[in-house]
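Undergrad: How does the following fold in three dimensions:
(2 chains)
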Protein chains: 2
Amino acid sequence: MACRGACCCGCGAVNEDNARFIMLLLLIILYLLCGAAVFSALEHPKERQAKEKWVQRFELFSQKYNLNRSDLEKFLRHYEEANMAGIRVDTLRPRWDFTGAFYFVGTVVSTIGFGMTTPATVGGKIFLIFYGLIGCAATILFFNLFLERMITVLAFVLKSCHEVQRRRKGVLPHDSRQDSSNARLNSKDSLAGWKPSVYCVMLILCVAAIIISCCASAMYSSIEGWGYLDSLYFCFVAFSTIGFGDMVSTQRASYENQTIYRIGNFFFILMGVCCIYSLFNVISIVIKQVLNWLLKRLKIPCHHCPGRSLRLRRNAVMPSHVRTRVRNISIDTDAVNDSETDGRRMSGEMISMRDFLAANKVNLAIMQKQLSETANGHPRSCGSTNRHNGFSGGVGALGIMNNRLAETSVD
Amino acid sequence: MACRGACCCGCGAVNEDNARFIMLLLLIILYLLCGAAVFSALEHPKERQAKEKWVQRFELFSQKYNLNRSDLEKFLRHYEEANMAGIRVDTLRPRWDFTGAFYFVGTVVSTIGFGMTTPATVGGKIFLIFYGLIGCAATILFFNLFLERMITVLAFVLKSCHEVQRRRKGVLPHDSRQDSSNARLNSKDSLAGWKPSVYCVMLILCVAAIIISCCASAMYSSIEGWGYLDSLYFCFVAFSTIGFGDMVSTQRASYENQTIYRIGNFFFILMGVCCIYSLFNVISIVIKQVLNWLLKRLKIPCHHCPGRSLRLRRNAVMPSHVRTRVRNISIDTDAVNDSETDGRRMSGEMISMRDFLAANKVNLAIMQKQLSETANGHPRSCGSTNRHNGFSGGVGALGIMNNRLAETSVD
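TA: The predicted structure is shown next:
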């Protein structure tokens, strides 16, 4: 199992999985450094201004009332303490009545953590640790199930659209060696195995996130009195579960239509968080593809067997003349004749009959081997055959564990 | 694709996937309500105390210096404003120098979002939205790849331990109808397909999280001067990416061994977040199993065909007499003869030869069907056969998309 990502020639030190992981780590650190530089340039002047302004105000106030400097500082420290308990000059909603506590636990399990309310007692802090452990795990599962449900719906809708489009256009132009009925059969087959593009899903999620954010911002800017841009910023910070807490919704002591606003706030945050979580996951797939592309471009040579690159290992099953031409076989990743070329189709180019048969010949050979092995009572060797071909690579959170842990196949 | 989870008799309204999703939603809401009640009971008295204390202090201070009440309130509002820009009475580290900005972007991409530093300029807020979108997605990918790498290592280590244990004990007692060499072959096979238990991985992650938290807390309590329990609370809040911001590390203007402390802080948070993220995902699998168990206990009857429960649908491929007895066939989820019974083995009971052959007969039948279909040029029907059996259900974030989206099979 551990040798899954290892190089075919036995040098396991630098394999593709490790290379991808390290590359991502380095890119993230680079990204952080660039981000730090930009934010520092953008925000540093404002910080200095704010500091000067505060020093002036402090001096003015202490001079006006002839205050003892250290006394005033002590008073402000007391105010900081009160702030931590959720007290401001302007009365806010109570922190720990039932609705306030409900808002608080909502920010805990979703990991938003605005911090407008935080436990102050020892009991509360200890309870939070155990409560959060189960709550956050349950919410991650909820987000994942939401993602699954949503992709199912999207796939269904997109498939219907695709079907309607194809019916309007008529069947695609087919190979001259195939007769018409065969082509129609194939076109129906290709629809059965049709999957929506990751870019298409990303676009739809992006549009959904923008619509939700804009609607929510309209609500917040009208009710809280924030600027529209500030509201959009709040929406992103809340929906992405960053939750700085510099702006928090429904914090005033009272609103017009308070109950409706609170329910609206709850649903907008729920929908927004689900949507942005899904969007992050889809974007992370695209980032993974970019990483794979970069790795392929770099083609890290295998030190023990010069001349062979890592890329060859992944396609060991395909005959070499098929490798470059097979473009449009969209075979399910969970099927027997799982093909990695699936992800590489970029044009609408149809597969020629010769290549198709060549590919099938390989698949047939694998299947016959598996069949005989199963008949001989060694069912597990099928799994290992697949694994050594690098075809069983599950990506992502639970998906990884689904491939690697025994109990996960309950589903 | 959309009909994957649909009931076999055509009533798609309540299927198992939707039932699980709705059940989880209801359970989370119940969990939130209970949590809100407990936190409200724990924290409400303290809040009232803090409020009374502050009112007293405010009165005392304004009486002592004979201050105009509204003037003092205005001054405190100015202080709140300064607070938002990261200014306190006691000098803190600069917010927006390069290291401060680096800490800030770290809390953004990890979605911790302490909120000790927040962008105040319009440019900063707009940049944050786009920066966070890519950054958070990249970090989610990083966490997922970390999880994958870690499970690979854990599986390798656990497998080695398992192997050593078995070698000490000798091979397991085998069925009387099998000869000795066959049994040894089978035992070797079962090791090849051996996967670590999800509970075992959960335990290891739990221990790792506790060790990291305890070490980090020791560091924080000695350097920041926090109590040990407070430090543990900070560790949980930071590592789970909740990030209230009521306690934030490395905020003072200067420390002894400042650089070492900052680097230590960075690595502890990185390791902690990775570890707790993995733990959450493993716990969420256990929660999913509990949900499945609950659903099975409830056995939601199918309204259109009374007497048939949803459970039967999932096992349609297995002959009925096998269903209850097959316990110990650990077949990979990615293999052809994928078996859902895998997850249900609870005892060490070995499969009898008769059941094994019966199970294989079904698998053989499926494979022969697939084989002939592949030979006839309908490769996609294999995928749909698998899907209609409910065997292709990928769980979790990218895993789901790996099954459902075309481009994800690049891996």
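Undergrad: Mind checking what secondary structure A:Gly132 has?
TA: helix (DSSP: H, G, I helix; E, B strand; the rest coil).
Undergrad: give me every residue that touches the residue lying closest to A:Met150 once chain neighbours are set aside.
TA: Excluding its sequence neighbours, the residue lying closest to A:Met150 (C-beta to C-beta, 6 or more residues apart in numbering or on different chains) is A:Ser278, at 6.2 Å. All C-beta atoms are positioned from the backbone trio N, CA, C, and that covers glycine. By C-beta atoms under 8 Å, 6 or more residues apart in numbering or on different chains, the residues touching A:Ser278 are A:143, A:146-147, A:150, A:205.
Undergrad: where exactly do the helices run in the stretch 201-350 of chain A?
TA: Using DSSP state H, counting those that start in this stretch, the helices found in the stretch 201-350 of chain A span residues A:228-239, A:258-298, A:310-314, A:320-323.
Undergrad: Buried deepest among those, which one?
TA: helix A:228-239 (a mean of 23; mean count of other C-beta atoms under 10 Å in any protein chain shown).
Undergrad: Quick one: check it for contact with chain B.
TA: Yes: with C-beta under 8 Å from any C-beta of the partner chain as the criterion, chain B is reached by helix A:228-239 at A:229-230, A:232-233, A:236-237.
Undergrad: Check which helices and strands that helix sits against.
TA: With contacts taken as 3 or more C-beta pairs under 8 Å, 6 or more residues apart in numbering or on different chains; DSSP states H and E, helix A:228-239 sits against helix A:198-223, helix A:258-298, helix B:122-169.
Undergrad: Can you lay out these as CSV showing mean pLDDT and distance to B:Arg93?
TA: What follows is these, written out as CSV (pLDDT from 0 to 100; distance: least, C-beta to C-beta, whole Å):
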stretch, mean pLDDT, distance to B:Arg93
helix A:198-223, 94, 32
helix A:258-298, 92, 30
helix B:122-169, 90, 19
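Undergrad: between those helices, which gets nearest to B:Ile22?
TA: Of all those, it is helix A:258-298 that lies closest to B:Ile22, at 14.3 Å by C-beta to C-beta.
Undergrad: Output stretch A:136-151 as PDB, nothing but the C-alphas.
TA: Taking C-alpha atoms only, stretch A:136-151 is exported to PDB below (Å, rounded to 0.1, in the frame of the first residue of the first chain):
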ATOM      1  CA  CYS A 136     -16.800  20.300  13.500                       C
ATOM      2  CA  ALA A 137     -16.500  16.700  12.300                       C
ATOM      3  CA  ALA A 138     -20.200  16.500  11.900                       C
ATOM      4  CA  THR A 139     -20.200  19.800  10.000                       C
ATOM      5  CA  ILE A 140     -17.400  18.600   7.700                       C
ATOM      6  CA  LEU A 141     -19.500  15.500   6.900                       C
ATOM      7  CA  PHE A 142     -22.500  17.800   6.300                       C
ATOM      8  CA  PHE A 143     -20.500  19.900   3.900                       C
ATOM      9  CA  ASN A 144     -19.200  16.800   2.100                       C
ATOM     10  CA  LEU A 145     -22.700  15.300   1.800                       C
ATOM     11  CA  PHE A 146     -24.000  18.700   0.600                       C
ATOM     12  CA  LEU A 147     -21.300  18.800  -2.000                       C
ATOM     13  CA  GLU A 148     -22.200  15.200  -3.100                       C
ATOM     14  CA  ARG A 149     -25.900  16.000  -3.300                       C
ATOM     15  CA  MET A 150     -25.300  19.200  -5.200                       C
ATOM     16  CA  ILE A 151     -23.000  17.600  -7.800                       C
END
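Undergrad: The residue nearest to A:Met150 and A:Ile212, how far apart?
TA: Between A:Ser278 and A:Ile212 the distance, using C-beta to C-beta, to the nearest Å, works out to 12 Å.
Undergrad: try A:Tyr220
TA: 12 Å.
Undergrad: Now for the two: what residues contact both?
TA: With C-beta under 8 Å, 6+ apart as the test, A:Tyr220 and A:Ile212 both reach A:Cys235.
Undergrad: returning to what we had before: can you put the helices and strands packed on helix A:228-239 in TSV and add distance to B:Ile260?
TA: Compiled in TSV, those are given as follows (distance: least, C-beta to C-beta, whole Å):
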stretch	distance to B:Ile260
helix A:198-223	41
helix A:258-298	32
helix B:122-169	25
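Undergrad: What residues of stretch A:125-144 count as buried?
TA: In terms of neighbour count (16 or more other C-beta atoms under 10 Å in any protein chain shown), stretch A:125-144 has its buried residues at A:125-129, A:131-144.
Undergrad: Which members of those additionally contact chain B?
TA: A:125-129, A:131-142, A:144.
Undergrad: if I read this right, A:Tyr233 contacts B:Lys125, doesn't it?
TA: Yes: A:Tyr233 is in contact with B:Lys125 according to C-beta atoms under 8 Å; the separation is 4.3 Å.
Undergrad: Is A:Phe104 in contact with B:Val38, as I believe?
TA: No: shown here, A:Phe104 and B:Val38 do not form a contact pair, counting by C-beta under 8 Å, at 11.1 Å.
Undergrad: neighbours around A:Arg88, how many?
TA: Per other C-beta atoms under 10 Å in any protein chain shown, the neighbour tally for A:Arg88 reads 14.
Undergrad: quick one, phi/psi of it?
TA: Main-chain torsions, A:Arg88, degrees, to the nearest 10: phi -130, psi 170.
Undergrad: what's near enough to touch A:Leu76?
TA: If you count contacts by C-beta under 8 Å, 6+ apart, then A:Leu76 has B:79, B:89 around it.
Undergrad: So what's the predicted local confidence for it?
TA: We have a pLDDT of 92 for A:Leu76.
Undergrad: Same check on A:Pro119?
TA: We have a pLDDT of 94 for A:Pro119.
Undergrad: That one: helix or strand, and which one exactly?
TA: If you go by DSSP states H and E, A:Pro119 is not part of any helix or strand.
Undergrad: any idea how far it is from chain B?
TA: Remark: distance between A:Pro119 and chain B (C-beta to the nearest C-beta, to the nearest Å) = 6 Å.
Undergrad: following the helix or strand A:Phe21 falls within, which helix or strand comes up?
TA: Using DSSP H and E, A:Phe21 sits in helix A:16-64. Remark: after helix A:16-64, the chain's next helix or strand is helix A:69-84, criterion DSSP H and E.
Undergrad: now the angle between helix B:16-64 and that following helix, please.
TA: Calculated by axes from the mean of the first three to the mean of the last three C-alpha atoms, to 10 degrees, helix A:69-84 forms an angle of 160 degrees with helix B:16-64.
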